[in-house]
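1. take this sequence and fold it.
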Amino acid sequence: HSSPDESEDQDLISGFLRIVDKVCSGLGFPDFGLFDCVKDSSSVVEWTQSLEGNPHRPIDHQLSYETEWDMINAVSFRRKVHTHGDGGSNHANDRNKWAFSFNVCDLRSITVKCEGWSYITFRLKDGTALPAIHFHQGGNTAFLDSLRKSVQINESPDDESVLIVSTYSKAFSQSFENLLDDTNYGLVQKFKKDPYTTTLGGFSKVTNYLFDAFRVPELECQQRPAEEVADLLGELIPGLEINQQEEPGFEVITRLDLGPRPEVQRRGPATMEEWAKYQDSEGRITNVPHLKDVIFKGGLCHAVRREAWKFLLGYFPWNSTHEERKLLQKRKTDEYFRMKLQWKSVSEEQERRNSRLRDYRSLIEKDVNRTDRNNKFYEGLDNPGLILLHDILMTYCMFDFDLGYVQGMSDLLSPILFVMENEVDAFWCFVSFMDELHENFEEQMQGMKTQLIQLSTLLRLLDLAFWSYLEAQDSGYLYFCFRWLLIRFKRELHFQDVLRLWEIMWTRLPCQNFHLLVCCAILDSEKQKIMDRKYGFNEILKHINELSMKLDIEEILSKSEAICMQIKNCKDLPHSVSEILGLNTVTEPSAALETSEYGILESPQTSPRATHRQDHIISNGHNPRESPMRWRFMQSATAQRKSSVSWCST
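-> Below is the predicted model of the structure:
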């Protein structure tokens, strides 16, 4: 009833009372429901959601093209609550001022009374009593019976009209699940069963497990021979015996005089003022090659990233106007939420008959719950950022169901969502990034094999002595660089350094496959230590893995650029190296192409996936041994059912 005062006219506010269940490991937020939404944000840690802070406040609609999709928009961001002179909130739509939503974990009691009809009142743990819900045509019993499936409801000993609500401890449940997922348990068995998953999970947390795992437990001084370990890796990872010079079809690279390595000068990040100078009055980006040079030399300040990344990743065309981008965003928003609605509307019965979707959901929920949890944007048991990660990855499964979700994708999405602070923009930028890295995650992982071949070719050119040493230690296939290449150094660098590195690589300067030169720069810094200490197979793997979070990004970028310039100055550069780095490529002249400072032909409309598929550029007829082994990791997570109650007026 609109007013509890019987002296006034009683208007009935009709609506729906929903109990929303979601199987989600560690996520205690609603699956559906209306939430406060304000489009813009300047803070990456301030969340706008009705159950945060004031869980019973009315819900404001977002003043944007996303309003019609509010029912499946779980989380949004806000700068601050905008108020008028009277201090009241600016409600965009009075129709929904009665709406509320809360997590059942915040529910303390339910009062049930009858006045010819039944009505119930929710009281939250903070003492707040929500408006009474009147059941003029019955249904309160059915509602309570449904609620009992999610929480425990008992009658109060003091008042028979009051029902006391209790829930299970989320912290205990999550701790128990994490205990079962202890990465120290059976790591060798996990590695033998699924080396791809263990590379991402085990290597990142237990850096020396291979060093110790193959030792005889009783005699620590005895090690399993490195040759046997290498054979094991070769069996489990088809095609990793790619660096043997005896393999047919490879171009033999002899020692070349590359000349001195030049000194390079880098600069500070591009500021908002600098970025604005490259836009005309209608919003088009001008002199794109020079702008990319500026970004490559110093990256971007954080305030610019949300806009600039959309161009670097190909979400926005460089020559688009403000109005064209608004229309594009509206169209992409509709497309995104239609895909999101596809998996949101799948019933439990349907999902029971769709094993692939069930497996995707299970793995996403497990991975999301452990992605960048030390970052304030994602920290805490009930962080709404985790919901956005989950929803975007589930929607990507609808976008590319053949690929679906593969472990490691959450690492690629996390920095993009952190920067975008918008679900739709983050999704489409992630799609562009995945277009570039798609082959890394395909079943046969041809992209990973190709990159390992390319990296080996570059390392042989740059330092044949070091490569020969690695080859003698059965490490010539550079398997220890696997994680670097798979998720582009995401777990090797501090979070802010990852942002800097990625935006620099997205310029596609100063050559193709610049990330391979980043690998070479890191190895160049570590080669002397590895060779002087006579590290063997296990020690090399352990040492490289322990570099995580200890790398200096500016030193790496300077050395990588210097290596590129050194290679370009080589007169007798092998053809395979020229192909890998995209040097001396014959391209037909075109008015749409512009040349950057580094001599790279730029085209604003070039597709990332088209420019990064180079499966055969140096194999020249070599066909690495294939295996039917499926690398994709599918594991059912022990999930706890979380629930929420929301009221939507009609």
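2. which strands and helices sit next to the host helix or strand of residue 458?
-> Element membership of residue 458, judged by DSSP states H and E, is helix 446-462. The contact analysis (3 or more C-beta pairs under 8 Å, 6 or more residues apart in numbering; DSSP states H and E) places helix 446-462 against helix 464-472, helix 482-486, helix 514-532, helix 553-568, helix 575-581. From N, CA and C alone the C-beta is placed, and that goes for glycine too.
3. return the longest helix along the chain as PDB; C-alpha atoms alone will do.
-> Using DSSP state H, we find that the single longest helix of the chain is helix 322-344. The C-alpha trace of helix 322-344 is given here as PDB (Å, rounded to 0.1, in the frame of the first residue of the first chain):
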ATOM      1  CA  HIS A 322      31.500  11.600 -31.500                       C
ATOM      2  CA  GLU A 323      28.000  11.000 -33.000                       C
ATOM      3  CA  GLU A 324      29.100   7.900 -34.800                       C
ATOM      4  CA  ARG A 325      30.600   6.400 -31.700                       C
ATOM      5  CA  LYS A 326      27.400   7.100 -29.700                       C
ATOM      6  CA  LEU A 327      25.400   5.200 -32.400                       C
ATOM      7  CA  LEU A 328      28.000   2.400 -32.300                       C
ATOM      8  CA  GLN A 329      27.800   2.100 -28.500                       C
ATOM      9  CA  LYS A 330      24.100   1.900 -28.600                       C
ATOM     10  CA  ARG A 331      24.100  -0.800 -31.200                       C
ATOM     11  CA  LYS A 332      26.800  -2.700 -29.400                       C
ATOM     12  CA  THR A 333      24.900  -2.300 -26.100                       C
ATOM     13  CA  ASP A 334      21.800  -3.900 -27.600                       C
ATOM     14  CA  GLU A 335      23.900  -6.700 -29.100                       C
ATOM     15  CA  TYR A 336      25.700  -7.400 -25.800                       C
ATOM     16  CA  PHE A 337      22.500  -7.600 -23.700                       C
ATOM     17  CA  ARG A 338      20.700  -9.800 -26.200                       C
ATOM     18  CA  MET A 339      23.600 -12.300 -25.900                       C
ATOM     19  CA  LYS A 340      23.600 -11.900 -22.100                       C
ATOM     20  CA  LEU A 341      19.900 -12.600 -22.000                       C
ATOM     21  CA  GLN A 342      20.500 -15.900 -23.800                       C
ATOM     22  CA  TRP A 343      22.400 -17.500 -21.000                       C
ATOM     23  CA  LYS A 344      20.500 -15.500 -18.300                       C
END
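4. quick one: mean pLDDT over the helix or strand following that helix.
-> Moving toward the C-terminus from helix 322-344, the next helix or strand (DSSP H and E) is helix 348-352. Taken as a whole, helix 348-352 carries a mean pLDDT of 92.
5. helix 348-352: what's the following helix or strand?
-> Once the chain leaves helix 348-352, the next helix or strand it forms, by DSSP H and E, is helix 355-368.
6. mind listing what's buried in that next one?
-> Using 16 or more other C-beta atoms under 10 Å as the burial criterion, the residues of helix 355-368 that qualify are 357-368.
7. looking at these, which is nearest residue 155?
-> The closest of the buried residues of helix 355-368 to residue 155 turns out to be residue 365 (C-beta to C-beta; 34.9 Å).
8. pLDDT score for that closest one?
-> At residue 365, the model reports a pLDDT of 94.
9. next one: residue 183
-> pLDDT at residue 183 comes out at 40.
10. is it true that residue 119 lies in a strand?
-> Yes. Counting by DSSP: H, G, I helix; E, B strand; the rest coil, residue 119 is located in a strand.
11. tell me what angle the helix holding residue 458 forms with helix 464-472.
-> 130 degrees (axes from the mean of the first three to the mean of the last three C-alpha atoms, to 10 degrees).
12. what does the average pLDDT come to for helix 446-462?
-> For helix 446-462, the mean confidence score works out to 94.
13. repeat that for stretch 162-175.
-> 57.
14. show me the contacts for residue 519.
-> When contacts are counted by C-beta atoms under 8 Å, 6 or more residues apart in numbering, residue 519 touches 455, 481, 484-485.
15. kindly report the same for residue 155.
-> Residue 155 sits in contact with 162-164, where contact means C-beta under 8 Å, 6+ apart.
16. now it, which residues is it bridged with?
-> Judged by DSSP bridges, the bridge partners of residue 155 are residue 163.
17. state the distance from it to residue 342.
-> 42 Å (C-beta to C-beta, to the nearest Å).
18. residue 544 now?
-> For residue 544 relative to residue 342 (C-beta to C-beta), the value is 42 Å.
19. these two: which has the busier surroundings?
-> Each of residue 544 and residue 342 has its neighbours counted (other C-beta atoms under 10 Å); residue 544 has more, 24 against 16.
20. which one is that one nearest to, not counting chain neighbours?
-> Distances taken as C-beta to C-beta, 6 or more residues apart in numbering place residue 480 nearest to residue 544, at 4.2 Å, with adjacent residues excluded.
21. and what of residue 572?
-> Closest to residue 572 by C-beta to C-beta, 6+ apart is residue 256, at 6.3 Å.
22. what's the helix or strand for that neighbour?
-> Counting by DSSP H and E, residue 256 is part of no helix or strand.
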